[in-house]
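Engineer: Return a 3D structure for these sequence lines:
(one chain, ligands or ions: 2)
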Amino acid sequence: MSGQATVHDEDGGILLRRPLPERAGRGLLSVVIPCHNERDVIEATHSRLTEVLPTTGMDFEIIYIDDGSRDDTLEKLAAIAARDGRVAVIELSRNFGQQAAMSAGLAAARGAAIVITDADLQDPPEVIPEMVAAWRTGVDVAYGRRRRRAGETAFKLATASLYHRLLARLMPYPMPVDTGDFKLIDRAVADAVVALPEKRRYLRSLVPWAGFRHEPVWYDRHPRAAGETKYSPWKLVKLAGDALVLSSDAPLRLTWVAAATLATIGTLATAVAAFSTLVGPPREGVSLAAITAVASFVAAIQTAAVAIVGEYVARTYREVQGRPPWVVRRTIGPAAESRSGSRAA
Ligand code: UDP
Ligand code: MG
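Structural biologist: Ligands and ions are numbered 1, 2, ... in the order given. This is a model prediction of the structure:
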């Protein structure tokens, strides 16, 4: 590549940069795609990818991870691998979840740069050449930043936006907002993340944790091409909890705020009670409703504090057990390395 490449800054402004000589050649690009029950879309995804990826000017491998699909996704993936030597399929032994599936793909990827994307074409493959162009100029993490998200409910958009901003404030390191899993990362970033000993992995916060140079590539997110979302509201809540608790101590600190608030209310109430006993007219006692209200409030805050501690204890217990985050049943194709659990394990 010659000439200058365009890269976007945080606000969507255009920066012009020269490619780095060491990232200018063909090199290998890995594309990692977690798949769970994606029979309706996987063929279309593969043909779109194989049309677009040659325009990056890099050689490429595509690693599909079958995350315990119950439909015939795996058979379809095996057929794709049989006719396309650039494809590897990692079959997990059951459904371990998208985060584990992506980590399994990352551990097997051999590229100088690695793209992570969903199987459902919500993240258009046409953005990948832009990510590669940004990477060539020295960006280590070119993350897809969503300008628009079609096909999502107003409720999901509002809660996601609010949550991303809240999370970014509570994290002990900078976290990009309005971004999902769609990103390109440099080999060095992948190595740093894969080498982490922790078992429970939330890549959206581990990649920012690793540091390096992050820059957004702005794009419009499309509706799912076919099939349905695998995320129920409940699964999203669990994911939101992982995102926060795995990387931040803020919820634990919040219990101090609750304690301080209760202590202040208690002190004020004592002062008021003492004052009215000393100087006020005689009283008839307190209503049962008032006592119940105060007792429930205090009990709720104490229970919440215990529950927050419990969230950390449970995750600590899981880490101490040290079970691998995924298990491989079989790998198909040349690129896949057979591994159970993370490389560091
Ligand atoms: N996925 C997975 N394992 C799961 C759930 C989802 O590998 O347990 C994959 C899924 O096949 C897709 C990606 O993760 O490629 C994102 O899932 P989905 O599109 O359902 O999520 P949404 O875009 O609705 O948030
Ligand atoms: Mg999707």
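Engineer: How far does the helix ranked longest in the chain sit from its chain's centre?
Structural biologist: Identified as the longest helix of the chain according to DSSP state H is helix 288-321. The chain centre lies 27 Å from the centre of helix 288-321; the measure is C-alpha atoms, centre = their mean, to the nearest Å.
Engineer: again with stretch 160-175
Structural biologist: Centroid displacement of stretch 160-175 relative to its chain, using C-alpha atoms, centre = their mean, is 12 Å.
Engineer: and that stretch, what's its mean pLDDT?
Structural biologist: Taken as a whole, stretch 160-175 has a mean pLDDT of 86.
Engineer: Going by neighbour count, list what's buried in the longest helix of the chain.
Structural biologist: Under the neighbour-count criterion of 16 or more other C-beta atoms under 10 Å, helix 288-321 has 305, 308, 311, 315 buried. Placement of C-beta: from N, CA and C, glycine included.
Engineer: Figure out the helix or strand that the nearest residue to residue 86 once chain neighbours are set aside lives in.
Structural biologist: Excluding the flanking residues, the one nearest residue 86 by C-beta to C-beta, 6 or more residues apart in numbering is residue 61, at 5.4 Å. Following DSSP states H and E, one finds residue 61 within strand 59-66.
Engineer: and that strand, which strands flank it?
Structural biologist: Sheet pairing of strand 59-66 (DSSP bridges) gives strand 28-35 (parallel), strand 87-92 (parallel).
Engineer: need the ones you listed in TSV with distance to residue 147 and mean neighbour count, can you?
Structural biologist: Formatted as TSV, the strands paired with strand 59-66 follow (distance: least, C-beta to C-beta, whole Å; neighbours: other C-beta atoms under 10 Å):
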stretch	distance to residue 147	mean neighbour count
strand 28-35	22	24
strand 87-92	31	25
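Engineer: Now distance to ligand 2 and mean pLDDT too, for these, in TSV please.
Structural biologist: Converted to TSV, those look like this (distance: least, C-beta to the ion, whole Å; pLDDT from 0 to 100):
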stretch	distance to ligand 2	mean pLDDT
strand 28-35	10	96
strand 87-92	19	95
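Engineer: Figure out which of these is closest to residue 140.
Structural biologist: Closest approach to residue 140 among the strands paired with strand 59-66 is made by strand 28-35 (14.6 Å; C-beta to C-beta).
Engineer: how far is the closest one from where the chain is centred?
Structural biologist: The chain centroid and the centroid of strand 28-35 are separated by 16 Å under C-alpha atoms, centre = their mean.
Engineer: One more: stretch 276-286?
Structural biologist: Relative to its chain's centre, stretch 276-286 lies at 57 Å (C-alpha atoms, centre = their mean).
Engineer: What is the end-to-end distance of that stretch?
Structural biologist: End-to-end span of stretch 276-286 (C-alpha to C-alpha, to the nearest Å): 13 Å.
Engineer: now what about stretch 218-238, what contacts it?
Structural biologist: Outside of stretch 218-238, the residues within contact range by C-beta atoms under 8 Å, 6 or more residues apart in numbering are 8, 12, 36-41, 44-45, 98, 120-124, 127, 130, 144-152, 239.
Engineer: Kind regards, and thank you for your time.
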